[in-house]
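J.: model this:
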Amino acid sequence: MWRRYYCHYSHLVRSLRQHGYETHDTFKVIIGDPATIVLLDPVVCVAFIVDSLASIDYASRAMLRATQIESLVTFGLATLYLSRVLWFAYAGLTMASFVLKRLRTIPFVPLDTTTLALSISILAGPLTYLQSRTLVCIDVYNWAVACVLPCPSYANETIMACIVYSATVALAPFANGLLVPVIHRFYHRKVSVATRIPRFASYAPAMEIKHQLLLAIAVSHPCMWWHREEAMTVVGGAFHRITSHEPAYRKNMGLAQRSADAHVLCGRPGVPRVRLNMTLVQLIDMPLETPPKPRTLGSIKTSNGAFVIHCGANQSPWVL
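T.: Numbering: from 1, shown residues only. Here you go, the predicted model:
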């Protein structure tokens with residue numbers, strides 16, 4: 001985590017001390033949330049998936065207990081245990097990103113990590129119960145238990161049923177990301193035929209819920225965060241404006257990673273405050289160019305009809 005995220009803040013502080021930003025002389029750095037970078041690490045995902053598969057017996061029991069609602073305590077405990085399948089959802093979005101990057105023509109809404117985690121944790125039990133009451137799902141699980149792997153008549157092999165269940169969880173967020181643009185476009189087409197909606201318009205929230213709340217607290221009065229302060233100009237965030245219409249410029253198209261952005265509050269007596277919104281270069285799928293006179297922070301420019309990153313001073317890992 002230090003090498004892939006936190007070490008870049010040391011570079012940011014050194015650059016601000018050496019080059020500053022315009023005429024401002026005081027800077028307050030607000031650190032972002034590296035959760036998405038950790039969650040999308042293949043090693044981390046594989047480790048948690050292997051841990052889940054190693055306890056396949058307990059997962060099978062939890063699935064069976066979630067199919068009954070006579071005892072709400074038992075159902076709640078089963079739901080709590082099944083929330084571990086969240087890692088299959090993250091792995092599914094990682095693989096979906098690989099496919100989307102290759103196709104580049106399918107509109108997809110990147111999911112908020114906080115919303116996804118809460119949804120999977122809460123709905124794991126109800127989703128299992130719903131599958132146990134759906135004829136198609138019953139037939140699929142019966143085939144997975146009884147017909148795929150040979151086993152004695154007095155026993156049931158549940159590993160294939162768990163694999164089917166895990167695949168269902170992995171595909172659910174991907175299906176959600178595909179359906180939201182379709183529903184959104186259909187709804188707006190009915191409301192106003194004259195309004196043209198971009199093919200790759202972003203329908204996701206502008207910022208992750210948790211990060212938006214924490215940022216609002218960080219930039220406000222230290223004692224009363226609801227206190228209204230002087231107007232603040234926001235500079236940066238160009239990458240997110242571009243990817244709202246051209247999502248292929250994201251390195252990962254499955255999860256929204258705006259929470260990993262860093263923010264710097266710039267101030268000087270008599271000068272309006274400025275908040276810099278910066279994105280890590282490693283999250284952007286754009287070619288790099290070194291301008292003759294690099295600025296403190298990198299920026300996104302157009303070159304020959306395509307977007308490129310103009311690196312900042314000392315090969316800054318941050319882009320406005």
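J.: How much space separates the closest residue to Pro107 other than its chain neighbours from Leu276?
T.: Take Pro107 and drop its neighbours on the chain: the residue closest to it by C-beta to C-beta, 6 or more residues apart in numbering is Pro181, 4.0 Å away. To be clear about C-beta, it is placed using only N, CA and C from the backbone, and glycine gets the same treatment. With the distance defined as C-beta to C-beta, to the nearest Å, Pro181 ends up 31 Å from Leu276.
J.: for Ile159, same thing?
T.: For Ile159, the distance to Leu276 equals 51 Å [C-beta to C-beta].
J.: These two: which is more packed in?
T.: Ranked by neighbour count (other C-beta atoms under 10 Å), Ile159 and Leu276 place Leu276 first, with 26 against 16.
J.: Which of the helices or strands spans the more buried one?
T.: Here Leu276 is covered by strand 271-280, with elements defined by DSSP states H and E.
J.: number of nearby residues for Cys79?
T.: Check again: residue 79 is Thr, not Cys. Thr79, neighbours per other C-beta under 10 Å, totals 21.
J.: I'd assumed Ala124 was in contact with it.
T.: Yes. Counting by C-beta atoms under 8 Å, Thr79 does reach Ala124; the two are 5.5 Å apart.
J.: Find the residues that touch each one of those two.
T.: Shared contacts of Thr79 and Ala124 (C-beta atoms under 8 Å, 6 or more residues apart in numbering): Ala66.
J.: wait, is the residue nearest to Pro107 part of a strand?
T.: No. Counting by DSSP: H, G, I helix; E, B strand; the rest coil, Pro181 is not part of a strand but helix.
J.: Now do it against Tyr129, distance only.
T.: 29 Å.
J.: what about Pro294, which helix or strand?
T.: For Pro294, there is no helix or strand it lies in under DSSP H and E.
J.: Near it, how many residues? Count them for me, please.
T.: By other C-beta under 10 Å, the residues close to Pro294 number 18.
J.: do you know how far the nearest residue to it once chain neighbours are set aside is from Ser299?
T.: Excluding its sequence neighbours, the residue lying closest to Pro294 (C-beta to C-beta, 6+ apart) is Ala313, at 4.8 Å. Ala313 sits 12 Å away from Ser299 when distances are taken as C-beta to C-beta.
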